[in-house]
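> have a look at this prediction, sequence included:
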Amino acid sequence: MQRVITWYRNYTNKDDPEVIAKNSKVARPSRYKKVYTERDVVKFFYKQAVNDRAEKKSGDRKGSKAYLKAYNKALSYVIEKLTEDDYKKVRDTADEWNSTGPPPHVQLQ
């Protein structure tokens, strides 16, 4: 089957640039851009509150399986407890990070 495919590629439309590009096995550069959400901003700015809540709920130290299991619930809890003004700031920060990118000290983490 591979021989048939190779022959077909060699003898049909071999001068057509669109066919060459379509059948090319050369890797095309992918454009990956992180889309920041409110959760990402809260993870950064309220890190200590989220960690404290996760440790309290799990009853275990940071990095344990129980802690990791409780982390998302702790993050959701902290987001729910934000005031309306704080949540607006978080949302605006996420929009800013999506348009201009986060500051370098945030990118390092």
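Noted; the coordinates are in hand.
> pLDDT weak spots in the protein?
Residues of the chain meeting the criterion pLDDT under 70: 8-31.
> which parts of it are helices?
Ranges of helices within the chain are 2-11, 17-23, 38-45, 47-58, 65-80, 84-100, 104-107, based on DSSP state H.
> let me know which of these is tucked in deepest.
helix 38-45 (a mean of 18; mean count of other CB atoms under 10 Å). Where C-beta positions appear, they are placed from N, C-alpha and C, glycine not excepted.
> name the helices or strands packed onto that one?
Contacting helix 38-45 under the criterion 3 or more CB pairs under 8 Å, 6 or more residues apart in numbering; DSSP states H and E are the following elements: helix 65-80, helix 84-100.
> JSON lines for the ones you listed, including distance to N51?
Below are the helices and strands packed on helix 38-45 laid out as JSON lines (distance: least, CB to CB, whole Å):
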{"stretch": "helix 65-80", "distance to N51": "8"}
{"stretch": "helix 84-100", "distance to N51": "17"}
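> among those, which is nearest E55?
Set against E55 and scored by CB to CB, the helices and strands packed on helix 38-45 come closest in helix 65-80, at 6.4 Å.
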